[in-house]
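Novice: Below is the structure, and that's it, no one-letter string:
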């Protein structure tokens with residue numbers, strides 16, 4: 001059965017009554033198994049006579065929802081009310097995915113709707129049962145490893161998908177919730193058994209609803225997506241928003257390049273690097289670098305390490321032991337009791353480092369983790385987000401978490417706190433949402449922090465990078481259809497503007513005079529558009545402020561009316577109707593009303609803004625602009641033409657702030673300001 005995707009569909013939830021938030025009524029018409037329990041008929045018939053809820057008032061009394069959680073659930077129910085039956089709910093680490101699920105289960109139970117909750121890991125079974133018991137619900141568990149047999153008469157059933165694949169489905173299910181849906185939905189059980197059984201041949205007519213939960217709803221293979229299973233998606237706040245709200249700790253990333261030869265890595269059928277090829281590059285020498293860097297950067301921090309395979313995990317564990325650091329290793333073959341004992345020791349601090357091979361990615365909830373070591377490469381965004389999510393949870397005395405990337409994962413896939421697009425359709429589909437190109441990252445040589453490559457000042461330590469040379473984009477052909485003679489003239493004009501800015505070979509002030517002398521008529525403005533920046537709309541704000549600064553530098557009197565009109569014309573010639581000739585000083589770009597003298601405060605504002613825009617899908621333009629502003633803020637040279645503020649300015653002259661420097665008397669350490677009769681001590685001036 002195929003479902004039509006309604007990607008990114010939005011339903012207004014402004015007016016939603018309490019009654020409308022409850023999820024429907026039980027479904028008794030769906031095709032179900034005739035004897036799911038294997039019990040005698042008289043015991044099965046008792047199902048209909050079993051009291052569903054003994055004390056509905058007590059259900060969910062312990063649930064306290066945050067505002068965004070209420071909104072997310074309201075949006076899910078709003079989709080249901082429009083006739084949509086299946087919704088994917090994206091809730092990243094810290095958003096409270098378990099609480100969201102518990103609330104929806106409680107709502108369903110209060111209406112007598114039977115619930116099937118699907119998981120794929122043993123630890124998730126235990127966590128779910130504990131959560132539901134706190135809400136007054138005693139679920140039945142369908143799992144071969146559970147201590148008791150399943151009771152199919154219970155209104156809520158928690159099932160391990162691996163176990164349910166070999167059993168018949170429970171009857172009369174009205175709500176199916178698939179946890180970690182990026183994995184559970186891709187078991188054949190879900191698409192070939194659960195959805196057809198409870199959804200019927202026409203999903204729109206079904207009385208059963210489906211919810212998929214995931215903190216990382218991305219598939220590595222470009223041909224895989226969710227639109228065949230879910231009709232709409234609801235999004236909780238992304239990680240950086242949760243950090244800003246105070247629900248997650250701040251993230252600090254450190255990158256170490258050149259440790260892996262990526263030419264030796266092969267891609268497997270699942271879209272990620274193969275285990276064999278990863279083991280060939282994650283050698284003992286590589287592992288020693290991982291251990292060495294950890295000891296150098298954050299030896300006091302409790303850490304978890306993600307490795308490619310068992311061989312690497314055991315080697316790193318041994319290398320930590322050799323340095324006197326208590327470390328333990330968990331692999332897939334580690335028995336459940338031994339795992340629990342290791343988790344307990346790690347929680348209480350007797351074990352300082354926990355090394356894992358694909359065990360800690362899901363279901364591991366230890367808020368005291370202070371550092372995450374990525375000692376393996378991956379092409380999977382979902383896996384990267386899962387690994388890093390283990391370190392962001394709040395804990396007493398914990399203000400941030402360090403992420404040490406030894407495989408260039410952040411540079412390849414983007415920062416894990418970023419707002420990534422979450423389309424339902426595969427990336428190769430025509431319906432898929434086109435994603436913004438990843439923001440390139442670089443490592444600060446002073447502090448080792450991974451930061452956006454366009455920044456000229458490190459937002460973490462304040463290191464000022466050497467000024468980069470201009471990197472002009474290659475000229476592109478002009479699109480207007482012209483006569484051969486006009487083509488030559490247009491080419492000359494566009495090259496004139498291009499060279500004047502990028503190569504400083506022409507005086508752009510003379511452009512009109514030079515063109516009219518050469519060809520006998522005025523410049524056609526339409527011939528100039530995009531001549532310099534080649535129409536790069538992704539950096540429109542940044543390029544406009546760059547060009548404004550360039551044009552202002554060409555003029556002796558920037559405030560003259562004719563100068564302002566010329567700048568306005570030149571801006572229109574380059575940017576057309578999108579031109580915005582409003583100059584923004586560095587403090588305005590940083591969101592300030594006037595220049596600040598306190599450099600540390602400026603750095604803090606800069607750091608916070610960089611952190612925000614580095615984690616947005618469309619932040620590249622603002623990051624370039626912030627870098628420009630910060631470089632100007634740190635250049636405090638007082639010289640003619642510079643705009644300044646006067647710290648000791650008399651009140652009656654305050655309205656004239658800021659001032660422009662006319663001349664400097666270095667011997668007297670005095671500056672002459674435009675509009676003032678007397679000179680002012682340079683020490684009282686702050687460059688704007």
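Specialist: Thanks, I have the structure now. No experiment lies behind these values; they were computed from the predicted model shown. Numbering: from 1, shown residues only.

Novice: what about residue 73, which helix or strand?
Specialist: Using DSSP states H and E, residue 73 falls within helix 67-81.

Novice: Report the inter-axis angle for the next helix or strand after that helix versus helix 67-81.
Specialist: In the C-terminal direction, the helix or strand that comes right after helix 67-81 (DSSP H and E) is strand 86-90. Angle between the axes of strand 86-90 and helix 67-81 is 170 degrees (criterion: axes from the mean of the first three to the mean of the last three C-alpha atoms, to 10 degrees).

Novice: Paired strands for strand 86-90, with orientation please.
Specialist: Counting by DSSP bridges, the strands paired with strand 86-90 are strand 209-214 (parallel), strand 232-235 (parallel).

Novice: Residues in contact with the first one: which ones?
Specialist: With C-beta atoms under 8 Å, 6 or more residues apart in numbering as the test, strand 209-214 has contacts from 23-24, 76, 80, 85-91, 97, 100-101, 104, 174-182, 184-185, 195, 198-199, 226, 229-230. Backbone N, C-alpha and C define where each C-beta goes, glycine included.

Novice: Then stretch 273-282?
Specialist: Contacting residues not belonging to stretch 273-282 are listed as 260-261, 264-268, 307-309, 311-312, 375-379 [C-beta under 8 Å, 6+ apart].

Novice: Of those, select the buried ones using a PyMOL command.
Specialist: Written as a PyMOL command, the selection of buried residues from the contacts of stretch 273-282, which uses 16 or more other C-beta atoms under 10 Å, is:
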select buried, resi 260+265+307+308+309+311+312+375+376+377+378+379
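
Novice: Now residue 316: closest residue in space that isn't a chain neighbour?
Specialist: Excluding the flanking residues, the one nearest residue 316 by C-beta to C-beta, 6 or more residues apart in numbering is residue 287, at 4.8 Å.

Novice: And the pLDDT at the one you found?
Specialist: According to the prediction, residue 287 has pLDDT 97.

Novice: shouldn't it be in contact with residue 315?
Specialist: Yes. Applying C-beta atoms under 8 Å as the test, residue 287 and residue 315 come out as touching, 5.2 Å apart.

Novice: so who does residue 403 touch?
Specialist: For residue 403, the set of contacting residues under the criterion of C-beta under 8 Å, 6+ apart consists of 251, 252, 253, 254, 371, 372, 374, 388, 391, 410, 416.

Novice: What is whichever strand or helix holds residue 382 packed up against?
Specialist: Assigning secondary structure by DSSP H and E places residue 382 in helix 381-389. Of the remaining helices and strands, those touching helix 381-389 by 3 or more C-beta pairs under 8 Å, 6 or more residues apart in numbering; DSSP states H and E are strand 371-374, helix 409-413.

Novice: how near is the residue nearest to residue 316 to residue 654?
Specialist: Remark: distance between residue 287 and residue 654 (C-beta to C-beta, to the nearest Å) = 63 Å.

Novice: Which of those two has more residues huddled nearby?
Specialist: Just comparing residue 287 and residue 654: by other C-beta atoms under 10 Å the higher neighbour count belongs to residue 287, 24 against 9.

Novice: State the distance from residue 63 to residue 105.
Specialist: 10 Å.

Novice: One more: residue 243?
Specialist: 28 Å.

Novice: tell me the contacts of the closest residue to residue 443 other than its chain neighbours?
Specialist: Leaving out its chain neighbours, the residue that sits closest to residue 443 by C-beta to C-beta, 6+ apart is residue 255, at 5.0 Å. Listed by C-beta under 8 Å, 6+ apart, the contact partners of residue 255 are 405, 408, 410, 411, 441, 443, 448, 450.

Novice: Could you do residue 321 as well?
Specialist: The contact partners of residue 321, taken as C-beta under 8 Å, 6+ apart, are residue 327.

Novice: can you count the residues close to residue 421?
Specialist: Applying the criterion other C-beta under 10 Å, we find 13 residues in the vicinity of residue 421.

Novice: again with residue 485
Specialist: Close neighbours of residue 485, defined as other C-beta under 10 Å, add up to 9.

Novice: Name the helix or strand for it, please.
Specialist: Per DSSP H and E: helix 484-498 holds residue 485.

Novice: List the buried residues in that helix.
Specialist: 489, 490, 493, 494, 496, 497, 498.

Novice: between those, which is nearest residue 325?
Specialist: Taking C-beta to C-beta as the measure, residue 325 sits nearest to residue 498 out of the buried residues of helix 484-498, at 57.7 Å.

Novice: Now do the closest one, the pLDDT please.
Specialist: 92.

Novice: The helix holding residue 382 relative to strand 209-214, how many degrees between them?
Specialist: Computed by the same axes, to 10 degrees, the angle between helix 381-389 and strand 209-214 is 60 degrees.

Novice: what sits up against helix 381-389?
Specialist: The set of residues that contact helix 381-389 without belonging to it, under C-beta under 8 Å, 6+ apart, is 92-94, 182, 215-220, 239, 251, 272, 306, 360-362, 372, 374, 378, 403, 409-410, 413-414, 416, 420.

Novice: which ones are touching the residue nearest to residue 444 when sequence neighbours are not counted?
Specialist: Leaving out its chain neighbours, the residue that sits closest to residue 444 by C-beta to C-beta, 6+ apart is residue 458, at 4.3 Å. Shown in contact with residue 458 (C-beta under 8 Å, 6+ apart): 444, 446, 447, 449, 451, 464, 465.

Novice: Please report the distance of residue 458 from residue 484.
Specialist: Residue 458 sits at a distance of 52 Å from residue 484 (criterion: C-beta to C-beta).

Novice: Surely residue 332 is in contact with residue 361?
Specialist: No. Here residue 332 lies out of contact with residue 361, judged by C-beta under 8 Å, at a distance of 11.7 Å.

Novice: The two: who's more crowded?
Specialist: Higher neighbour count among residue 332 and residue 361: residue 361, with 21 against 9, using other C-beta under 10 Å.

Novice: Where does the more buried one sit: helix, strand or coil?
Specialist: Using DSSP: H, G, I helix; E, B strand; the rest coil, the secondary structure recorded for residue 361 is coil.

Novice: distance of it from residue 165?
Specialist: When distance is defined by C-beta to C-beta, residue 361 is 22 Å away from residue 165.

Novice: Am I right that residue 644 falls within a helix?
Specialist: No. Checked against three-state DSSP, residue 644 lies outside a helix; its state is strand.

Novice: give me the number of residues near the closest residue to it other than its chain neighbours?
Specialist: The shortest distance from residue 644 to any non-neighbouring residue, by C-beta to C-beta, 6+ apart, is to residue 685 (4.3 Å). Summarising burial for residue 685: neighbours were counted as other C-beta under 10 Å, giving 22.

Novice: Cross-check the contact I'm expecting between residue 685 and residue 672.
Specialist: No. Assessed by C-beta under 8 Å, residue 685 is found out of contact with residue 672, at 11.2 Å.

Novice: Which neighbours do the two have in common?
Specialist: Between them, residue 685 and residue 672 share the contacting residues residue 661, judged by C-beta under 8 Å, 6+ apart.

Novice: Among the contacts of residue 458, which pair sits farthest apart?
Specialist: Looking across these, with C-beta to C-beta as the criterion, the two at the greatest separation are 449 and 464, at 14.2 Å.

Novice: Of those two, give the one with the bigger neighbour count.
Specialist: Of the pair residue 449 and residue 464, residue 449 is the one with more neighbours under other C-beta under 10 Å, namely 19 against 13.

Novice: Count the residues that sit near the residue nearest to that one when sequence neighbours are not counted.
Specialist: Once flanking residues are discounted, residue 449 sits nearest to residue 460: 4.3 Å by C-beta to C-beta, 6+ apart. In terms of burial, residue 460 registers 19 neighbours under the definition other C-beta under 10 Å.
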